[in-house]
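K.L.:
take this sequence and fold it.
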Amino acid sequence: MPHTHFPKLLSSQIAFDIARTILDGFDKHYRLFRASSQAAKTHFEKGDWKTAQAAATERIQFYDKRVRECVQVLEDEYSQDDLSDEVWREVKLHYMGLLIDHLRPELAETFFNTVCTKLLHRTYFHNDFIFVRPATSTEYIEREDTPPTYRVYYPATDGLRFTIKRIVTNFRLNASFEDLDRDVALVEARLKANFGQEKLEPNHQIQVLANLFYRNKSAYIIGKGINGNREYPFVIPIMHKTKGQLVLDTVLFDNMQITVLFSFTRAYFMVDMEVPSAYVQFIRSILPRKPRSEIYTMLGLQKHGKNLFYRDFLHHLKYSSDQIAAAPGIRGLVMLVFALPSFPYVFKLIKDSFPPPKETSKELIKEKYLLVKNHDRVGRMADTLEYSDVAFPRTRFSEELLAEIAQYAPSLLEVSDDEVVIRHLYIERRMTPLNIWLTEAEQRGDLAAMEHGVREYGNAIKELVAANIFPGDMLYKNFGVTRHGRVVFYDYDEIEYITDCKFRQIPAPRNEEDEMAAEPWYPIAKNDVFPEQFGTFLLGNRKVREFFMKHHADLLTAEYWQGRQSRIVAGKVDDVFPYPQEIRFCHQTTAL
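P.N.:
Alright, predicted model coming up:
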């Protein structure tokens, strides 16, 4: 083992005070984080969607604000002369001691890392000074005085219908159901249809997480049934049918549907968690293939998710040997994209400059990515992980790729004999570019796949519109197909709010000269959009055009876009369902 230089005795009062300051900063952060998550229940009960959206966006900012506050205190209180390497080593050891019996030690360690990496040079980013490896276990850290993470019900004793109703009413929502007995009967029928033929074992029970998961206009009951050695997960969405009247909308059993609910393309859940790791453990029991990093992220704890992701990445680098290469697809004007073939993510760098016709800047592109981070992604925009000073082994880069980065983004590149350091990058889940997906489907003669891709493309645009997002550049190369066959938008440098655009019809030509002109004869402002022109760029392929006109011809009309824009301006928030329409019960919900 490498020799680690730790002090024999923890003798530095400064080190203890720094550790205490950092933990106080984290505890303040999580107190505010929980308060915001708890308020989601009230927003849902009232159907106050605008406040709920604003609160979800605001909560994302909490972490960075608390980090800045903590860094400022430490910089104001301590001189660099007082902060020797020995003191910084003691800071970590004191911090570890303070985390004994803490209910959220893994999150506190990540907060420590974030603060320290703002204060220390990159050469200190190893386990002597920060938590490269976790130091505290999160197994069984619940205490006697903490409320249970999940509740247990016994249908064999109480009957399934009574049990389902009890599960729902135990959440004590301060809003009435339109007809809870009817909805409970529908859930019971679905449960029996899926699992009713099984012999009930002595351990038959239902476990349900103790707090609801809130996102957009829905609340979700997350649970699982246990019967013998079999576990079967389920999710019950609760929605407003009309203001103040709730319904159980469906019940999800399918693993893929539940996975999509927790997808990286959706906004973070609002859920009150006393012990976050216990919630993560429960969700992993129903989604064992979902990485812990993604679960933490979907619970709104994206900084810890990012930390876990980077640990997974370092582990993958150690146990792989393939070369990092340019990602497949058409080269973009704004970003360089490369990937490790054995790792299901891509790395994106902003170029230092952009050729015409791009009129943007690095700062503006960063703002667009931040907009997506803070916005409701409605399952149609990929979440990104943003990193600074990421070190890769030099041996994993080809000379060609290094030359390409040096040509287009030299300000982001630092190369030594052993390392390649990228000063700023985004990491996204890898998808198949839609243009490649459609081409390959056509080459196989798979018209059903082509139609699915085109239909999903239009659905993606329409759901983005519902979230007040205009993609800007709607070319197929800017959309990807996930492993679940969903089309997702991932190129954000030209996105705008729908409400900032002006959707226009092309004016009729005034004369023959207008009609034959190479340039438009009518004035065009910066945010003018002419939907009837989309077909020129999108529908050159005959089969693609046929499928597009079958499913989404309305996207080529200014009236469609103007109508959606008017709804947004009027404060209407549309339902966007993270599961198929055909599995819903027969309720009709309305945009409120």
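K.L.:
now do the SS call for the closest residue to Ser12 other than its chain neighbours.
P.N.:
Distance criterion C-beta to C-beta, 6 or more residues apart in numbering; nearest residue to Ser12, sequence neighbours excluded, is Glu90 at 4.7 Å. Placement of C-beta: from N, CA and C, glycine included. Each residue gets one of three states, and Glu90 gets helix by DSSP: H, G, I helix; E, B strand; the rest coil.
K.L.:
thought Asp82 was touching Glu90, still the case?
P.N.:
No: the pair Glu90 / Asp82 is not scored as a contact, 12.0 Å apart, by C-beta atoms under 8 Å.
K.L.:
which one's more surrounded, the two?
P.N.:
Glu90 (23 against 12; other C-beta atoms under 10 Å).
K.L.:
helix or strand for the closest residue to Tyr63 other than its chain neighbours, which one?
P.N.:
Closest residue to Tyr63 apart from its sequence neighbours, by C-beta to C-beta, 6+ apart: Lys303 at 5.2 Å. Using DSSP states H and E, the secondary-structure element containing Lys303 is helix 302-318.
K.L.:
buried residues in that helix, which are they?
P.N.:
Judged by neighbour count using 16 or more other C-beta atoms under 10 Å, the buried positions of helix 302-318 are Gln302, Lys303, His304, Gly305, Lys306, Asn307, Leu308, Phe309, Tyr310, Phe313, Leu317.
K.L.:
stretch 499-518 now?
P.N.:
Cys501, Phe503, Arg504.
K.L.:
determine the number of other residues adjacent to the residue lying closest to the second one once chain neighbours are set aside.
P.N.:
Leaving out its chain neighbours, the residue that sits closest to Phe503 by C-beta to C-beta, 6+ apart is Trp561, at 3.9 Å. A total of 21 residues lie near Trp561 under the criterion other C-beta under 10 Å.
K.L.:
does Trp561 touch Glu532 like I think?
P.N.:
No: the pair Trp561 / Glu532 is not scored as a contact, 10.6 Å apart, by C-beta under 8 Å.
K.L.:
residue contacts, the closest residue to Lys46 other than its chain neighbours?
P.N.:
In this structure, Lys46 finds its nearest non-sequential neighbour in Ala175, 7.9 Å apart by C-beta to C-beta, 6+ apart. Ala175 makes contacts with Phe44, Glu45, Lys46, His240, Gly244, Gln245, Leu246, as judged by C-beta atoms under 8 Å, 6 or more residues apart in numbering.
K.L.:
7 Å instead?
P.N.:
Glu45, Gly244, Leu246 (C-beta atoms under 7 Å, 6 or more residues apart in numbering).
K.L.:
which of those residues count as buried?
P.N.:
Leu246.
K.L.:
mind picking the lowest-pLDDT entry from the contacts of Ala175?
P.N.:
Lowest pLDDT within the contacts of Ala175 is found at Gly244 (70).
K.L.:
phi, psi of Glu69?
P.N.:
Here is the backbone geometry of Glu69 (degrees, to the nearest 10): phi -60, psi -50.
K.L.:
and the nearest residue to it once chain neighbours are set aside, how far from Cys116?
P.N.:
The spatially closest residue to Glu69, leaving aside those adjacent along the chain, is Gly25, at 6.4 Å (C-beta to C-beta, 6+ apart). Distance, Gly25 to Cys116, using C-beta to C-beta, to the nearest Å: 12 Å.
K.L.:
hmm, Ala15 and the residue nearest to Ser12 touching each other?
P.N.:
Yes: look at Glu90 against Ala15 with C-beta atoms under 7 Å: they come within range, at 3.5 Å.
K.L.:
quick one: stretch 541-550 to chain centroid distance?
P.N.:
32 Å (C-alpha atoms, centre = their mean, to the nearest Å).
K.L.:
Thr57 sits in which helix or strand?
P.N.:
helix 49-77.
K.L.:
how long is stretch 111-131 end to end?
P.N.:
In stretch 111-131, first residue to last residue: 10 Å (C-alpha to C-alpha, to the nearest Å).
K.L.:
list the buried residues for that stretch?
P.N.:
Here stretch 111-131 shows Phe111, Phe112, Asn113, Thr114, Val115, Cys116, Thr117, Leu119, Phe125, Phe129, Ile130, Phe131 as buried, counting by 16+ other C-beta under 10 Å.
K.L.:
does anything pack onto the helix holding Thr57? Which helices or strands?
P.N.:
Contact here means 3 or more C-beta pairs under 7 Å, 6 or more residues apart in numbering; DSSP states H and E; on that basis helix 49-77 packs against helix 13-46, helix 105-119, helix 362-374.
K.L.:
sorry, back to before: just the ones of the buried residues of stretch 499-518 in strands?
P.N.:
Phe503 (DSSP state E).
K.L.:
columns pLDDT on top of the buried residues of stretch 499-518, output as TSV?
P.N.:
As requested, the buried residues of stretch 499-518 are exported to TSV (pLDDT from 0 to 100):
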residue	pLDDT
Cys501	95
Phe503	95
Arg504	94
